[in-house]
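In: no sequence on hand, only this structure:
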């Protein structure tokens, strides 16, 4: 979480400044970055709950909701609902105070939000300077102009935003899928994310589909995997997707066209993939051939689409990030989830004692069937205490934790001496900052693996694919029938995934 | 309950201003109307509950108790135990807020008290202008404006 706090003194009485700022829909009249603004549903602009839907001078669209407004304290607060930038969890407040020995106004504008770590400095600077300080200058300018007597005896014209727009988000080059070369008329239906936000930003659109490049094949998708990483792409938490773009990193289908440089594959081959670049939520797409996996007859399209990314992940988590040995105690969080189900079965197959945590009794029954030795319903029981008890005080040798914020501290507490915490996701939020000195009390090892670093070349990927398919064939792991949604209902799939209403895998069917 | 509120812009960073005003025993160093001050029973001047016993330049004596002191919020609160002023239940808070634009400080001083009916205006004037504003003006001068 970062906090941005900017404050200034405006040489005008507080009533005058507040009259401008309290109009939640009036920012397009003074802030240089805002081109137009309207309140959704025609609510009064000062009604708590009102949502302003506004357009930046560069075309970006945002929605913000008024959370509180007090004329007595001269403060208001609001949060961001949708934006073209990953200002995650952004809540801001404006407050004014009078300066009594000068009839001036103190104005503070502050916010907290959760930027992706690699864009933290850029976003903090943008908010502090291009939004807040530019706003201070604009109000000063606006009030200054009002004080200047106009030479002509006619009404003061509407105030023009001063200066060039400075708040515009980074201009992002349009991806090639949206800019077909001349003469290419083909299109495909796809889920397009035009700005970061909630599930509603997943909209079915027709997009251009150029002919495959020399090293690409065109795939007609038959099933598309839905993964939590797609949520992170949709919200901007990961910048694997830059709007406008198509999410999705996993699918199965049939090759329907090939670039001239392709060898070893044929039109009609059944293939699957689980890798960047994003773009799987589409009826058809072009894809470089390097990382395609050819499917054998005993593996169905739906199984491949539902499990390849999770299976490859489980493979490197259990064999590379931490090589699980027989007799080790392995704790799997969110064990009824997509990767969790695979980790439970596979770790047991490798000879480990498997402790599974789940959020409900229904999910407990699922992981029981998968062979977990011990099951902890963590909504009912403190899981770290339970792990210590189940292991007679020893703790777990390795913990696979994709839950993040809610479980990280407990996981540290549940580890054995020389235990290994593998943090590979943050479904409940980022884990925040930790003082690693305390890890020494039990010589803890921490891993934070990134999918692409284990899978971005055929040499790295192939062993995991082979191992996973072998495990499927040997029935060391089984894939439950995935829950299917039509491609157009991608938003519903995301809602269900984020609300933890699902267990196992989800697929979209074009 | 009568309320007084005075605020001012001090031309210095909040940390610098706080160094001066956080010293509960330091009024003689910056408030123009205070002659001398001591903390009773040898307590530390930043200990909650300590009592400052100070003499005004006009000879009046005031005892005030520190109720709160926050180096995070840059604010302190205190209550009057004894004073020549006809006030009761007097609690005041002095707080600083950074003004990032120019590295200045917003200083606020507010008080609430009870008094006899008809005395509000005179007391508000005396406390707001004669005490708080006079002290802020002295602080401003100290930082060179």
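Out: Yep, that arrived. The model shown is predicted, which means the values in this text are computed figures rather than measured ones.
In: CA only for contacts and neighbour counts going forward, please
Out: Will do.
In: what bridges to residue 10?
Out: Going with chain A. Counting by DSSP bridges, residue A:10 forms beta bridges with residue A:105.
In: was after chain B, sorry
Out: Beta bridges link residue B:10 to residue B:105, judged by DSSP bridges.
In: so who does it touch?
Out: Shown in contact with residue B:10 (CA atoms under 8 Å, 6 or more residues apart in numbering or on different chains): B:17, B:104-107, B:136, B:139-140, B:143.
In: next one: it from chain A, what distance?
Out: Between residue B:10 and chain A the distance, using CA to the nearest CA, to the nearest Å, works out to 11 Å.
In: so how far is residue A:12 from that residue?
Out: Residue B:10 sits 18 Å away from residue A:12, taking CA to CA, to the nearest Å as the criterion.
In: close to chain B, is the helix or strand bottoming out on mean pLDDT in chain A?
Out: Every helix and strand of chain A was ranked by mean pLDDT, DSSP states H and E. The lowest is helix A:134-147, at a mean of 79. No. Judged by CA under 8 Å from any CA of the partner chain, helix A:134-147 stays clear of chain B, getting no closer than 9.3 Å.
In: can you list the residues that contact the next helix or strand after that helix?
Out: Next in sequence after helix A:134-147, counting helices and strands by DSSP states H and E, comes strand A:187-193. For strand A:187-193, the surrounding residues in contact (CA under 8 Å, 6+ apart) are A:201-210, A:234, A:243-247, A:281-285, A:487-488, A:490.
In: what residues does residue 144 make contact with?
Out: Picking chain A for this. Counting by CA under 8 Å, 6+ apart, residue A:144 makes contact with nothing.
In: oops, chain B please
Out: Residue B:144 touches residue B:11, counting by CA under 8 Å, 6+ apart.
In: then residue A:113?
Out: By CA under 8 Å, 6+ apart, residue A:113 lies in contact with A:1-3, A:87-91.
In: what about residue 15, how many neighbours?
Out: If you meant another chain, say so; for now it's chain A. For residue A:15, the neighbour count with other CA atoms under 10 Å in any protein chain shown is 14.
In: not quite, I wanted chain B
Out: By the measure other CA under 10 Å, the count of residues near residue B:15 is 15.
In: which SS class is it?
Out: The three-state label given to residue B:15 by DSSP: H, G, I helix; E, B strand; the rest coil is helix.
In: please apply the same query to residue B:128.
Out: Following three-state DSSP, the label given to residue B:128 is helix.
In: for residue B:136, see how far away it is.
Out: Separation of residue B:128 from residue B:136 (CA to CA): 11 Å.
In: please name the nearest non-neighbouring residue to the residue positioned nearest the centre of chain B.
Out: In chain B, the centroid-proximal residue (CA atoms, centre = their mean) is residue B:94; its distance is 5.7 Å. Spatial nearest neighbour of residue B:94, excluding adjacent residues (CA to CA, 6 or more residues apart in numbering or on different chains): residue B:109 at 4.4 Å.
In: how about residue A:301?
Out: Once flanking residues are discounted, residue A:301 sits nearest to residue A:252: 5.5 Å by CA to CA, 6+ apart.
In: can you pull up the bridge partners for that neighbour?
Out: When bridges are called by DSSP bridges, residue A:252 pairs up with residue A:223, residue A:272.
In: tell me what the helix or strand containing residue A:220 is packed against?
Out: For residue A:220, the element it lies in under DSSP H and E is strand A:216-226. When contacts are defined as 3 or more CA pairs under 8 Å, 6 or more residues apart in numbering or on different chains; DSSP states H and E, strand A:216-226 sits against strand A:250-258, strand A:284-288, helix A:301-316, strand A:506-509.
In: export these to JSON lines and tack on distance to residue A:75?
Out: Output for the helices and strands packed on strand A:216-226, formatted as JSON lines (distance: least, CA to CA, whole Å):
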{"stretch": "strand A:250-258", "distance to residue A:75": "47"}
{"stretch": "strand A:284-288", "distance to residue A:75": "50"}
{"stretch": "helix A:301-316", "distance to residue A:75": "48"}
{"stretch": "strand A:506-509", "distance to residue A:75": "45"}
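In: who wins for proximity to residue A:49 among the ones you listed?
Out: Residue A:49 sits nearest to strand A:506-509 of all those, at 33.8 Å, using CA to CA.
In: low-confidence ranges in chain A?
Out: Counting by pLDDT under 70, the ranges of chain A that qualify are A:145-185.
In: actually chain B, not the one I wrote
Out: In chain B (pLDDT under 70), the answer is B:145.
In: can you pull out the strands in chain B?
Out: B:2-10, B:34-39, B:51-56, B:61-70, B:75-82, B:87-99, B:104-115 (DSSP state E).
In: make a ChimeraX selection of the buried ones in the contacts of strand A:187-193.
Out: Selecting the buried subset of the contacts of strand A:187-193 in ChimeraX, with 16 or more other CA atoms under 10 Å in any protein chain shown as the burial test, is done by:
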select /A:201,202,203,204,206,207,208,209,210,234,243,244,245,246,247,281,282,283,284,285,487,488,490
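In: helices - which of the contacts of strand A:187-193 land there?
Out: Counting by DSSP state H, these place A:234, A:490 in helices.
In: among the contacts of strand A:187-193, which ones are in strands?
Out: Those of the contacts of strand A:187-193 mapping onto strands are A:202-208, A:284-285, per DSSP E.
In: what's the closest of those to chain B?
Out: The closest of the ones in strands among the contacts of strand A:187-193 to chain B turns out to be residue A:202 (CA to the nearest CA; 39.7 Å).
In: list the contacts of that closest one.
Out: Applying CA under 8 Å, 6+ apart to residue A:202 gives the contacts A:191-193, A:490-491.
In: alright, I will stop here.
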